[in-house]
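S.K.: This is a predicted model, with the sequence first.
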Amino acid sequence: MTVDRKLLSTYRRIVIKIGSALLVDRSTGLKKAWLDAICDDIAALRSKGVEVLVVSSGAIALGRTVLSMPKGALKLEESQAAAAVGQIALARHWSESLSRHDIVAGQILLTLGDTEERRRYLNARATLQQLSKIGAIPIINENDTVATTEIRYGDNDRLAARVATMAGADLLVLLSDIDGLYTAPPHIDPAARFLETIHEITPDIEAMAGGAASELSRGGMRTKIDAGKIATGAGCAMIIASGKMVNPLSAIENGARHSWFAPSAMPVTARKTWIAGQLQPAGAIHVDAGAEMALSAGKSLLPAGVRSVTGQFSRGDTIAVIGGEGREIARGLAGYDAEDARKIAGRKSAEIAEILGYAGRTAMIHRDDLVMTEPTHKRQGGRLKEDAAHA
């Protein structure tokens, strides 16, 4: 298969995610020389007409260093306090480093709801577009100071993927302390092979992702693969590369080793990208084999093919579709509240009005509101299948 591994400078819009361990040293705090160097790289890309957005981890790590917090896991309120102190310092350092190149930085702090709720998602996208229009570089991080249910988004890997789809980027670069994807953790298995090009994120690729993460950098390869599924499904290529060296973007441009994930040949629409990228579906619908085949063929999900309904959700919420062996095969917008969905599960569409007492939608999830999320050989070309005529 021929793939297009382009130079960074030939992309139109790039989102760069930087891990905490690259920016912050436990003993000395912020790595100012490293930050200045990557800002040099960013300025070089900008001079070639590339739009750059940055998703920067490091607020909690920097804050706990400033506050001299002990090693080990932090309580929620301790993480929030560290983030509050660290974020203001982090933003100042980014602004100072970019200003050396006469580049203005704009800070954006996002919560999970800002990417999961459609209206807030569109508002955030409009802000990114305006910053790009005026020539400022967005410096984006999760708003850890107000996160209450779970402080972590996923080491900002998945947040970066959501930002990439939100901004319409054509490349996502994940910089961390590893130079790419291996068939097994290389520090454990000396026979582990490095994967230079990943054409498609299959179950085998997912199985290669480990879950280990450092104390400062909260994610692992697992979240990077999750990010890849979000980004590539929207037509955005992804790179996993080491950021340990000075000027890591220049290093990639000059041939430094990295793993390149090919974008889907059939990317979904912007609306379906948002649906597929939801991190916390409100519930799930379990379907039979017949319904699974129908969905793969681009059909709507009818009540007759539903075996069971789990969770509590309202009409219009994003829910997961679960196929055989308990695997997620699709996501879509619910046509019914969970209570009514349970009542009509397994029944014919013609019976809906009699069961519910009102004439509802024929489909449990309409095909215009549904996107397949499991890449298997069962779908066309082994890639994400999209019925373009109905997108």
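M.R.: Nice, thanks for sending it over.

S.K.: On the pLDDT front, check Ala167 for me.
M.R.: Model confidence at Ala167, expressed as pLDDT, equals 91.

S.K.: And the helices in this protein?
M.R.: Assigned by DSSP state H, the chain shows helices spanning 20-23, 32-47, 59-66, 76-99, 112-116, 118-133, 157-167, 203-207, 221-233, 248-253, 270-276, 289-296, 338-344, 352-356.

S.K.: average pLDDT for the third one?
M.R.: If I follow you right, that is helix 59-66. If you average the pLDDT values across helix 59-66, you get 90.

S.K.: repeat for the first one
M.R.: Within the predicted structure, the mean pLDDT of helix 20-23 is 92.

S.K.: Put the alpha carbons of it into PDB.
M.R.: Once side chains and other backbone atoms are set aside, the C-alpha atoms of helix 20-23 remain, and they are given as PDB (Å, rounded to 0.1, in the frame of the first residue of the first chain):
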ATOM      1  CA  SER A  20       4.100  16.800  31.000                       C
ATOM      2  CA  ALA A  21       7.400  14.900  31.300                       C
ATOM      3  CA  LEU A  22       8.800  16.800  28.400                       C
ATOM      4  CA  LEU A  23       8.000  20.200  29.900                       C
END
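
S.K.: For that helix, name the packing helices and strands.
M.R.: For helix 20-23, the packing partners by 3 or more C-beta pairs under 8 Å, 6 or more residues apart in numbering; DSSP states H and E come out as helix 32-47, helix 59-66, strand 171-176. C-beta here means a position set from N, CA and C on the backbone, and glycine is covered the same way.

S.K.: can you do 10 Å?
M.R.: Helix 20-23 is packed against helix 32-47, strand 51-56, helix 59-66, helix 76-99, strand 171-176, with contacts defined by 3 or more C-beta pairs under 10 Å, 6 or more residues apart in numbering; DSSP states H and E.

S.K.: Switch the helices of the chain over to CSV; also include distance to Val173 and mean neighbour count.
M.R.: Formatted as CSV, the entries for the helices of the chain read as follows, by distance: least, C-beta to C-beta, whole Å; neighbours: other C-beta atoms under 10 Å:
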stretch, distance to Val173, mean neighbour count
helix 20-23, 12, 24
helix 32-47, 10, 18
helix 59-66, 20, 25
helix 76-99, 17, 19
helix 112-116, 19, 19
helix 118-133, 17, 15
helix 157-167, 9, 28
helix 203-207, 19, 13
helix 221-233, 10, 25
helix 248-253, 7, 20
helix 270-276, 19, 20
helix 289-296, 32, 18
helix 338-344, 39, 19
helix 352-356, 48, 14
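
S.K.: Show me the one of these that comes nearest Gly106.
M.R.: Evaluated over the helices of the chain, closeness to Gly106 peaks at helix 118-133, with 4.8 Å, by C-beta to C-beta.

S.K.: Just name the shakiest helix or strand of the protein by mean pLDDT.
M.R.: Sorted by mean pLDDT, DSSP states H and E, the helices and strands of the chain end with helix 270-276, the least confident at a mean of 76.

S.K.: I'd like the distance between Ala37 and Val54.
M.R.: Ala37 sits 14 Å away from Val54, taking C-beta to C-beta, to the nearest Å as the criterion.

S.K.: Contacts for the least confident helix or strand of the chain, please.
M.R.: Residues outside helix 270-276 that contact it (C-beta atoms under 10 Å, 6 or more residues apart in numbering) are 115-118, 121-122, 125, 162, 164-166, 168, 229-231, 233-236, 267-269, 281, 318-319, 330-333, 368-373, 384, 386, 391.

S.K.: can you tell me which residues contact Ile88?
M.R.: Ala59, Leu62, Gly63, Val66, Gln107.

S.K.: please redo it, this time with the cut-off set to 7 Å
M.R.: Residues counted as contacts of Ile88 (C-beta atoms under 7 Å, 6 or more residues apart in numbering): none.

S.K.: For Val54, see how far away the nearest residue to Gln280 once chain neighbours are set aside is.
M.R.: Distances taken as C-beta to C-beta, 6 or more residues apart in numbering put Glu116 closest to Gln280, at 6.5 Å, once the chain neighbours are dropped. For Glu116, the distance to Val54 (C-beta to C-beta) stands at 22 Å.

S.K.: before we move on, what about Ile322?
M.R.: Using C-beta to C-beta, one obtains 36 Å as the distance from Ile322 to Val54.

S.K.: quick check: mean pLDDT across stretch 335-352?
M.R.: 93.

S.K.: same thing with stretch 287-307?
M.R.: Predicted confidence along stretch 287-307 averages 94 (mean pLDDT).

S.K.: same thing with stretch 80-91?
M.R.: Taken as a whole, stretch 80-91 has an average pLDDT of 92.
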